[in-house]
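>>> A predicted structure for the sequence below; I have some questions about it.
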Amino acid sequence: MARKLRMGLIGGGPGSFIGRIHHIAAELDGEAELVCGAFSSSPARSREAGDAYHLPSSRVYDSYAQMIAAEKALPADTRMDFAAIVTPNHVHYEPARLCLENGFHVVVDKPMCFSLDEARQLKDLVARTQRLLAVTYTYSGYPLVKQVRALIASGRIGTVRKIYVEYPQGWLSTDLERGGQKQASWRTDPARSGAGGAIGDIGTHAAHLAEYVSGLRITAIDAELSTFVPGRRLDDDSAMLLRFENGASGVLFATQVAAGEENNIRIRVYGEKGGLEWQQADANSLILRLLDAPMQVLRTGWSYLDPITAANSRTPPGHPEGYLEAFANIYAAFYKAVRDYERDPAIDYRNYDFPNVDDGLHGMAFVETVVRSAQSDKKWTTLA
């Protein structure tokens, strides 16, 4: 396929944060271009966004259903190849379903769906339609996160024993939702966000990061959910113990009421021979600690890193790469799968380095299990 992939965007209208992020990341490497969109549930706002994206009016739609039907009717050399869904959680499943059933691949922001039942249905749809679906668990796209994964897989720190992962934010320390702040309003609304507040919004990121780098699935959870801001309808704070499939133990906390904090997701993994530590606040550095050896700081861009790390870096040492590039790495892996799919639809999506429908399903099971655990008097709740 000697051309750019054609992208449609569902959501991402005026006032959207994540829509612009997806657009920039999707086009960063020149592999794709935005050709159409249904940017808002309001037709007028969708047209406003279409103008801002410099799209022809004929490719700006009043609804995602209209967009999918109209794009399918276009000639194969014109219609979109995939759609990115960047809406609130309750509007993930239906456009994803329509895209898959009409022959389009899908990228969907996390969490994959509103509920575990919807996630299971999407998993079945991916199998039935044989189309590709990626979930943007962003932090797995960082080069040095991939280095952590490679070092653990190579046995450098031995069998994993302990994982600490944290995601502190402070932006919801006050009741922003009562003032109509768009991002706060839907994230704290159970009708739009789902059963989890902070745990669904950022806790799923932390859980996926722990599983991605370690190669281990979480099997049981002992969780506490809290809501500190009076009147808020969903959790804004969480803390939990984790069990992993190899017997390793873990600690996870995700909070949006850590006043003064920004977005410093951080992970530490300890094995029988040593430990690894990475945090987004210094994303170009990775700390390696080994028994009976000095602490080492590994940096992006150097030849001593794993080839997968180098393949996900775009700049020489000392030139910071961050959030946008991590997003773009997920898109790049997804594009590789889409191009291979065009040659052979029987490809196995699990062979590509992007979070897929299995990860999305597991993420929804994580949220549901955390909620059940927090409501239970039992010490451990098996992950659904």
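Here it is on my side, so go on. For clarity, every value in this text was computed on a predicted model and none was experimentally measured.
>>> you'd agree residue 302 is in a strand?
No: with DSSP: H, G, I helix; E, B strand; the rest coil as the criterion, residue 302 is assigned coil and is not in a strand.
>>> check contacts around it.
residue 317 (CB atoms under 8 Å, 6 or more residues apart in numbering). All C-beta spots, glycine's among them, are computed from the backbone N, C-alpha and C.
>>> go again with 10 Å.
Taking CB atoms under 10 Å, 6 or more residues apart in numbering as the criterion, residue 302 is in contact with 309-310, 313, 316-317.
>>> just these: which are in strands?
Here DSSP state E is the test, and these give no hits in strands at all.
>>> show me those residues that map onto helices.
The helices, defined by DSSP state H, take in 309-310 from those.
>>> of the contacts of residue 302, grab the buried ones for ChimeraX.
Of the contacts of residue 302, the buried ones go into a single ChimeraX selection, burial set by 16 or more other CB atoms under 10 Å:
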select :309,310,313
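>>> remind me what the lowest-mean-pLDDT helix or strand in the chain packs against, helices and strands.
Taking mean pLDDT, DSSP states H and E as the measure, helix 182-187 is the helix or strand of the chain with the lowest mean score, a mean of 94. Judged by 3 or more CB pairs under 10 Å, 6 or more residues apart in numbering; DSSP states H and E, the packing partners of helix 182-187 are helix 190-193.
>>> helices and strands around the helix it packs on, which ones?
In terms of contacts (3+ CB pairs under 10 Å, 6+ apart), helix 190-193 is packed against helix 182-187.
>>> any buried residues in the helix it packs on, and which?
So for helix 182-187, counting by 16+ other CB under 10 Å, buried means 183-187.
>>> now these in CSV, with distance to residue 298?
Formatted as CSV, the buried residues of helix 182-187 follow (distance: CB to CB, whole Å):
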residue, distance to residue 298
183, 34
184, 37
185, 41
186, 39
187, 35
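>>> still on that earlier bit, could the contacts of residue 302 be laid out in TSV, adding pLDDT and distance to residue 131?
Shown next, in TSV, are those (pLDDT from 0 to 100; distance: CB to CB, whole Å):
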residue	pLDDT	distance to residue 131
309	97	30
310	96	30
313	96	30
316	94	37
317	95	39
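>>> that older thread, closest one of the buried residues of helix 182-187 to residue 72?
Comparing these against residue 72 with CB to CB places residue 186 closest, at 28.9 Å.
>>> surely the closest one and residue 177 touch.
Yes: the criterion here is CB atoms under 10 Å, and residue 186 meets it with residue 177 at 8.6 Å.
>>> any idea how far residue 192 lies from residue 74?
31 Å (CB to CB, to the nearest Å).
>>> looks to me like residue 354 is in a strand.
No: assessed with three-state DSSP, residue 354 is coil; it does not lie in a strand.
>>> what's the spacing between it and residue 12?
20 Å.
>>> more neighbours: those two, which one.
Using other CB atoms under 10 Å as the criterion, residue 354 and residue 12 rank with residue 12 on top: 28 against 24.
>>> from residue 32, how far out is the more buried one?
15 Å.
>>> quick one: secondary structure of the residue lying closest to residue 191 once chain neighbours are set aside?
The shortest distance from residue 191 to any residue other than its chain neighbours is 6.7 Å, reached at residue 90 (CB to CB, 6 or more residues apart in numbering). Three-state call for residue 90 (three-state DSSP): helix.
>>> need the pLDDT of residue 90.
As predicted, residue 90 sits at a pLDDT of 96.
>>> what segments of the stretch 101-250 of the chain are helices?
Here the stretch 101-250 of the chain has its helices, by DSSP state H, counting those that start in this stretch, at 116-129, 143-153, 182-187, 190-193, 198, 204-214.
>>> save the ones you listed as a markdown table, and put in distance to residue 239 too.
Below are the helices of the stretch 101-250 of the chain laid out as a markdown table (distance: least, CB to CB, whole Å):
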| stretch | distance to residue 239 |
| --- | --- |
| helix 116-129 | 22 |
| helix 143-153 | 23 |
| helix 182-187 | 19 |
| helix 190-193 | 20 |
| helix 198 | 11 |
| helix 204-214 | 11 |
